[in-house]
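Visitor: Structure for this input, please:
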Amino acid sequence: MSEPEPIVLAVEIDDPVLADRLASLLGGVAGLRLAAPGETANVAVVSREPRKAAEPAEIELTPRELDVLALLAEGASNKAIARQLGISVHTAKFHVGSILDKLDATGRTDAVTHAARRGVINL
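Guide: Got it, this is the predicted structure:
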């Protein structure tokens with residue numbers, strides 16, 4: 001008995017990082033094969049409307065939050081941020097929390113990633 005032909009799936013996503021993640025996840029699913037560029041697929045997943053990326057002006061970080069974000073991008077801890085900026089660790093934690101909220105980020109690395117994608121900081 002021969003194995004059935006896999007379902008060929010085409011995925012079109014504007015975000016290259018997300019596209020790579022999906023390719024990694026879907027590449028190992030039995031009975032499924034990702035279509036090569038230009039190949040006809042049995043199933044296609046496309047975004048109806050690309051998400052509008054926030055413009056840097058839409059994200060209102062204070063000058064101090066931008067300083068903290070730059071240090072986050074360097075991998076600095078709250079203690080290192082406090083020392084570098086001459087503020088308390090509590091204040092550094094407050095600024096980090098505010099940045100996470102404003103960028104809708106789940107963590108420090110996610111905040112830096114969101115900020116870089118939105119043009120708030122350059123890496």
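Visitor: so what strands line up beside the biggest strand by length in the chain?
Guide: The strand of greatest length in the chain, counted in residues with DSSP state E as the criterion, is given as strand 7-12. Applying DSSP bridges to the sheet, strand 7-12 is found paired with strand 32-34 (parallel), strand 43-46 (parallel).
Visitor: so where's the protein shaky on pLDDT?
Guide: Flagging of the chain using pLDDT under 70 yields the residue ranges 1, 45-57.
Visitor: longest helix in it, by residue count?
Guide: Of all the segments of type helix in the chain, defined by DSSP state H, the longest one is helix 89-103.
Visitor: List the contacts of that one.
Guide: For helix 89-103, the external contacting residues (CB atoms under 8 Å, 6 or more residues apart in numbering) are 59-61, 64-65, 68-69, 72, 78-79, 81-82, 85, 87, 105-108, 110-111, 114-115, 118, 120. The C-beta positions use only the backbone N, C-alpha and C, and glycine is treated the same way.
Visitor: That helix: how far from the chain's middle?
Guide: In terms of CA atoms, centre = their mean, to the nearest Å, the centre of helix 89-103 is set 19 Å apart from its chain centre.
Visitor: rewinding a little: of the contacts of helix 89-103, keep whichever come out buried.
Guide: The neighbour-count test (16 or more other CB atoms under 10 Å) marks 59, 61, 65, 68-69, 72, 78, 81-82, 85, 87, 105, 108, 111, 114-115, 120 as buried among the contacts of helix 89-103.
Visitor: Which among the strands paired with strand 7-12 is found nearest to Glu12?
Guide: Put simply, out of these the one that sits nearest Glu12 is strand 43-46, at 4.3 Å, with distance taken as CB to CB.
Visitor: how about the helices of this protein, start to end?
Guide: Counting by DSSP H, one finds helices in the chain at the ranges 16-27, 63-73, 78-85, 89-103, 108-117.
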